[in-house]
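Engineer: Sequence and predicted structure, then a few things I'm wondering about:
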Amino acid sequence: MMVSGFVLLIVCANVANLMLVRGMERRRQTSLSIALGARPYRVIGQTLTESLLLSLFGGAAGLGFAFGCTRLILHFTFASSGVPISASPSVPVLLFALAVSLITGIVFGTAPAWIATRVDPIEALRGAGRSTARTGSLSRKTLVILQTAFSLALLTSSGLLTAALYSLEHQDFGFEQDGRMVAKIDPTLAGYRRDQLTLLYQRIHDSLAVMPGVSAVAVCFYSPLSGNNWGGTVWMDGRPAPGPKEESDSSMDRVTADFLDVIGNPIVRGRGITAQDTATSRHVAVVNQAFARKFFKDEDPIGKHFGRLENQTPRLYEIVGVARDARFLTSKLAQPVEPLYFLPEAQHDLPDNDPGSHFLHDIVIAAKPGVSLSVAQVTQAMAAVDPNLPVISIRPLSEQVTGVFRQQRLIARLTSLFGILSLLLACIGMYGVTAYNAGCRTTEIGVRMALGANRSDAVRLILGGAFWLIICGIAVGMPLAFAAGRFLGNQLYGVNPFSPSVTFVAVAALGLSALAASLVPALRTSRISPVEALRAE
């Protein structure tokens with residue numbers, strides 16, 4: 001909404017500039033009307049009517065364009081899962097568009113209309129364009145400066161969000177994505193009991209492992225960045241039970257043998273979960289580095305015991321390995337990895353009436369290098385295990401990771417689109433003001449060229465005024481850009497909200513584009529011959 005409001009203000013500034021120019025061009029007509037007895041409110045009413053009609057017709061045209069773009073945005077957002085949202089026009093949206101059109105038409109049409117009536121009939125009727133050429137120039141220049149400032153804020157914001165998205169998507173997740181597929185199942189829908197699960201997971205492993213091109217298979221309660229999380233308060237052996245205000249929480253994942261090897265999450269100390277961790281062996285756990293840092297600091301966690309507070313024992317699990325930190329949770333992506341421990345699927349430690357995490361949902365399949373597994377192959381292998389076992393989805397692990405950043409990607413793309421649009425509008429405004437100023441100075445340029453000035457001098461003269469407008473706009477826009485960066489702070493995921501490189505690129509893009517837009521009318525004016533320029537009066 002903030003970005004849309006900025007773009008709306010830039011558009012309104014352009015329209016206000018247009019109405020100001022129209023008012024300046026009709027000053028002699030306005031002066032004559034007032035000299036003949038016309039009331040100022042009639043003159044204001046005429047200009048305001050034009051502004052309202054322009055806003056209403058623009059709003060109507062924009063509605064059609066908006067609904068088309070909305071369908072396109074929804075298509076990109078829900079490309080793989082269907083579009084659950086209707087982009088059809090609704091009464092509230094139509095009323096909102098009408099209200100915005102009317103308000104902007106009145107607000108940004110009143111000032112130009114009022115300025116158009118501020119004429120001296122005697123001075124204007126003397127017929128010299130020289131007397132009115134610079135009237136209202138301050139208002140026009142102020143509007144262009146504001147356009148430039150808002151555009152810089154939007155360009156900086158889009159740059160920061162794009163940099164943050166790149167940082168998110170290219171971070172070290174701690175696991176391998178290439179050549180991995182994730183199949184989601186739900187054993188409860190097929191009527192499996194808790195005592196049947198270990199055999200089911202073994203059959204799934206055996207059926208998928210013999211597929212051509214498969215190197216390893218493991219089943220887990222939830223795979224990395226799947227959007228799931230299971231955990232609670234843990235209790236370290238040899239320490240008092242944690243109190244209600246003590247930070248002793250950790251996430252937990254239950255997995256089958258060699259799960260960490262399958263996802264490419266290396267063990268840095270000890271060992272991982274293996275096939276020897278059965279229901280009759282000692283209960284073990286593998287913790288990540290964040291778990292070891294939080295609960296053991298400089299101690300060696302291997303061989304230490306801990307439990308869950310809900311089980312009322314601190315010696316439920318023995319730590320046999322430490323895994324490298326990896327991103328499993330989709331929350332708090334800008335913060336360090338949180339504590340996590342892995343438990344063998346075969347070791348049941350929850351009450352019979354609370355099977356909980358023993359119903360594993362995700363199957364991770366690792367393919368051999370250069371091999372691409374198909375959904376049909378996986379579906380066929382799962383059907384061989386149990387045709388009644390529902391397979392909810394099958395997709396690459398990389399697609400699951402990419403989906404986590406869907407919202408950030410959409411926001412970054414939309415903000416970039418609005419930033420480019422604002423840059424285009426600011427350039428149009430700069431072009432309009434420069435072209436109008438150049439037209440008003442046609443006689444002056446003709447005199448200068450008649451006295452010996454060349455075309456490059458004329459270009460520098462016109463560009464000089466545009467250059468100072470751009471500098472003023474950037475100076476006003478820098479605080480806005482920094483404020484926008486601070487406002488977006490929690491969305492930037494490690495990117496400096498005052499990033500010098502992003503700010504430099506935004507300033508350079510805006511400055512060069514605005515100068516290029518100003519160069520066109522400057523070159524056109526410099527090509528006018530002195531004789532034609534002196535006849536312009």
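Structural biologist: It's in.
Engineer: just for this protein, where's the confidence low?
Structural biologist: Applying pLDDT under 70 to the chain flags residues 76-84, 113, 115-136, 350-355, 532-537.
Engineer: care to break it down by domain?
Structural biologist: 2-172+405-534, 187-389 (automatic domain parsing).
Engineer: Which residues does stretch 360-371 contact?
Structural biologist: 179-187, 197, 201, 204, 208, 212-223, 226, 228, 254-256, 259, 262-264, 345, 373, 378, 397 (C-beta atoms under 8 Å, 6 or more residues apart in numbering). Any C-beta I mention is one placed from the backbone N, CA and C, and that applies to glycine too.
Engineer: whoops, I mixed them up, stretch 191-204
Structural biologist: 185, 187, 217, 219, 256, 279, 345-346, 348, 352, 355, 358-360, 363, 382, 385-386, 388-389.
Engineer: So Val337, which state does it fall into?
Structural biologist: Secondary structure, DSSP: H, G, I helix; E, B strand; the rest coil: Val337 is coil.
Engineer: which residues touch it?
Structural biologist: Gly174, Asn288, Gln289, Ala290, Asp325, Ala326, Arg327, Phe328.
Engineer: Any of the contacts of stretch 191-204 buried? List them.
Structural biologist: 185, 187, 217, 219, 256, 345-346, 348, 355, 358-360, 363, 382, 385-386, 389 (16 or more other C-beta atoms under 10 Å).
Engineer: now, which of these lie within helices?
Structural biologist: Cross-referencing these against helices under DSSP state H gives Met382, Val385.
Engineer: if we can go back for a sec, which of the contacts of Val337 has the most neighbours?
Structural biologist: Neighbour count (other C-beta atoms under 10 Å) singles out Asn288 as the most crowded of the contacts of Val337, with 28 neighbours.
Engineer: Secondary structure element for Ile394, which one?
Structural biologist: strand 391-396 (DSSP states H and E).
Engineer: List the buried residues of that strand.
Structural biologist: Applying a neighbour-count criterion of 16+ other C-beta under 10 Å, the buried positions in strand 391-396 are Val391, Ile394, Pro396.
Engineer: which residues make contact with it from outside it?
Structural biologist: Residues outside strand 391-396 that contact it (C-beta under 8 Å, 6+ apart): Gln177, Arg180, Met181, Val182, Ala183, Lys184, Ile185, Asp186, Val375, Val378, Thr379, Met382.
Engineer: would you put the C-alpha positions of stretch 207-215 in PDB?
Structural biologist: Extracted in PDB, the C-alpha atoms of stretch 207-215 (Å, rounded to 0.1, in the frame of the first residue of the first chain):
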ATOM      1  CA  SER A 207      10.900 -50.300  -2.800                       C
ATOM      2  CA  LEU A 208      12.400 -46.900  -3.600                       C
ATOM      3  CA  ALA A 209      16.000 -47.800  -3.100                       C
ATOM      4  CA  VAL A 210      15.900 -50.400  -5.900                       C
ATOM      5  CA  MET A 211      14.700 -47.800  -8.400                       C
ATOM      6  CA  PRO A 212      17.200 -47.200 -11.300                       C
ATOM      7  CA  GLY A 213      19.200 -44.100 -10.500                       C
ATOM      8  CA  VAL A 214      18.400 -43.900  -6.800                       C
ATOM      9  CA  SER A 215      21.400 -43.700  -4.400                       C
END
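Engineer: the helices in the stretch 151-300 of the chain, which residues?
Structural biologist: 197-209, 259-262, 289-296 (DSSP state H, counting those that start in this stretch).
Engineer: ignore the last one, the stretch 1-150 of the chain
Structural biologist: Along the stretch 1-150 of the chain, counting by DSSP H, counting those that start in this stretch, helices occupy 2-25, 27-35, 40-77, 91-116, 121-124, 137-169.
Engineer: Repeat that for the stretch 351-500 of the chain.
Structural biologist: Counting by DSSP H, counting those that start in this stretch, the helices of the stretch 351-500 of the chain are 375-385, 397-404, 406-440, 442-450, 455-487, 500-526.
Engineer: can these go into TSV with extra columns for distance to Trp235?
Structural biologist: Shown next, in TSV, are these (distance: least, C-beta to C-beta, whole Å):
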stretch	distance to Trp235
helix 375-385	38
helix 397-404	31
helix 406-440	36
helix 442-450	85
helix 455-487	41
helix 500-526	46
